[in-house]
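# here is a sequence together with a model predicted from it:
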Amino acid sequence: MFECIFCQIARKEAPASVVYEDEQVIAFLSNRPVNIGHTLVVPKKHYENIYGIPEDEAAYLFRIAKRITHAVKDAVNAEGIRLVQNNGEVAGQVVFHLHVHVIPMKPHNMFRHDNGYREPEDLEKDAEKIRPLVREQPPG
């Protein structure tokens, strides 16, 4: 039987460079980032896509995504952030566990480029820059 890699990461059964975690959500760096700092924000409870998650849990997921957005932007000195949430294979979903991509952007990389696999040691160095910046964001 296929086991969801994001569920394994949430249960600490698979490695990831975690930048944030609480009882409901875990955020970790993508090992195939569009750009350095590309972070995935994932509910710990398994939902295949946006259609299955209750609205209150979706709201919480996006509240944490907003918090992560500030931290990633500051950590990698991004000029902008792209938030992406794909639903279904035809929409580009690759891992069938709901997740939000937080992708830092700079003017020279406006479109998606496959930067390839990023080594765990490099991901951990990136995570060390992001972790201390994840904090409660003021309203607004």
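Nice, I can see it. Residues are numbered from 1 along each chain as shown.
# so which residues of the chain form helices?
For the chain, applying DSSP state H gives helices covering 5-10, 55-76, 120-130.
# any idea of the mean pLDDT in the first one?
For helix 5-10, the per-residue pLDDT values average out at 97.
# which strands or helices does that helix pack on?
strand 25-29, strand 39-43 (3 or more C-beta pairs under 8 Å, 6 or more residues apart in numbering; DSSP states H and E). To be clear about C-beta, it is placed using only N, CA and C from the backbone, and glycine gets the same treatment.
# just the CA trace of the first one, in CSV.
Taking C-alpha atoms only, strand 25-29 is exported to CSV below (Å, rounded to 0.1, in the frame of the first residue of the first chain):
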residue,chain,number,x,y,z
VAL,A,25,0.4,22.1,10.6
ILE,A,26,4.0,21.4,9.6
ALA,A,27,6.1,23.6,7.2
PHE,A,28,9.2,22.3,5.6
LEU,A,29,11.5,23.1,2.7
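# now for that strand, which elements pack on it?
helix 5-10, strand 18-21, strand 39-43, helix 55-76, helix 120-130.
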